[in-house]
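**Q** Quick check, what structure comes out for this input:
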Amino acid sequence: MPKTTKVKKKVKKTKPKSVKKPKIKVLTKPKEINKGPVKISKTYTPKDTEKYMCEKHKVFFRIKLQEWKKELVKANNEALYNGSMDDNSISADIVDQASSYTDKNVEMKAINRQIKLISEIDKALMRIKDDTYGFCLDTAEPIGLKRLMARPVAKYTIAAQEKHEKNEKVHADD
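**A** Here you go, the predicted model:
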């Protein structure tokens, strides 16, 4: 009987690659914005004579939106903290309890509105990042600096906004 030899195959054992979580950078401070090539002064205001949505405009509105968001978050935190402090005062008087309940209800509605506004600010910041900020979501026309100065989270031109409001009113009447 012939002699046989066994050949061992070398198998490389590889360790599974660890999955790195992506780092998410949150811009919360206006200082972080001015580290790039475009810097603006604190007194800068966008002008119609400049190219629409140039880098200066984007930086200006990014700072404006981030500061507005910071103020809203701070106000919400204070309102929630103050509201939780008021929970300790339970009154035996039914009228006082009803009044307190109504006050809390009004405060919660205001907080909910602010939370929705914070969400709109986040969406506007994403549009700045995507280079779609300042342009109507329906028509892609410029919204205009005056409108953005008055309402930095504006998504539509005035004409498109009116059209949306009419549609909402029609559907609300159904």
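
**Q** The closest residue to Tyr133 other than its chain neighbours: neighbour count?
**A** In this structure, Tyr133 finds its nearest non-sequential neighbour in Arg127, 3.9 Å apart by C-beta to C-beta, 6 or more residues apart in numbering. All C-beta spots, glycine's among them, are computed from the backbone N, C-alpha and C. Using other C-beta atoms under 10 Å, Arg127 is surrounded by 19 other residues.

**Q** cool, Ile94 as well?
**A** 8.

**Q** Repeat that for Arg113.
**A** Arg113, neighbours per other C-beta under 10 Å, totals 11.

**Q** same deal with Met53?
**A** So Met53, with other C-beta under 10 Å, has 20 neighbours.

**Q** my read: it touches Thr132, true?
**A** No. Here Met53 lies out of contact with Thr132, judged by C-beta atoms under 8 Å, at a distance of 9.4 Å.

**Q** In the chain, which residue is most central in space?
**A** Closest to where the C-alpha atoms of the chain average out (C-alpha atoms, centre = their mean) is Asp122, at 1.1 Å.

**Q** which of the residues in whatever helix or strand that residue lives in are buried?
**A** Element membership for Asp122, per DSSP states H and E: helix 94-129. By neighbour count on 16 or more other C-beta atoms under 10 Å, the buried set for helix 94-129 is Ser100, Ile111, Gln114, Ile118, Glu120, Ile121, Ala124, Leu125, Arg127, Ile128.

**Q** again with stretch 68-88
**A** Trp68, Lys69, Leu72, Asn76.

**Q** Equivalent analysis for stretch 134-150, please.
**A** Gly134, Phe135, Cys136, Ile143, Gly144, Leu145, Arg147, Leu148.

**Q** chain center to it, what's the gap?
**A** The chain centroid and the centroid of stretch 134-150 are separated by 18 Å under C-alpha atoms, centre = their mean, to the nearest Å.

**Q** What average pLDDT does that stretch get?
**A** Throughout stretch 134-150, pLDDT has a mean value of 97.

**Q** which regions of the chain sit below the pLDDT cut-off?
**A** 1-36, 83-92, 173-174 (pLDDT under 70).

**Q** Can you give me the neighbour number for Val170?
**A** Neighbourhood size, Val170 [other C-beta under 10 Å]: 9.

**Q** What is whichever helix or strand it is part of packed up against?
**A** Assessed by DSSP H and E, Val170 sits inside helix 158-173. Helix 158-173 is packed against no helix or strand, with contacts defined by 3 or more C-beta pairs under 8 Å, 6 or more residues apart in numbering; DSSP states H and E.

**Q** Right, I'll call it a day here.
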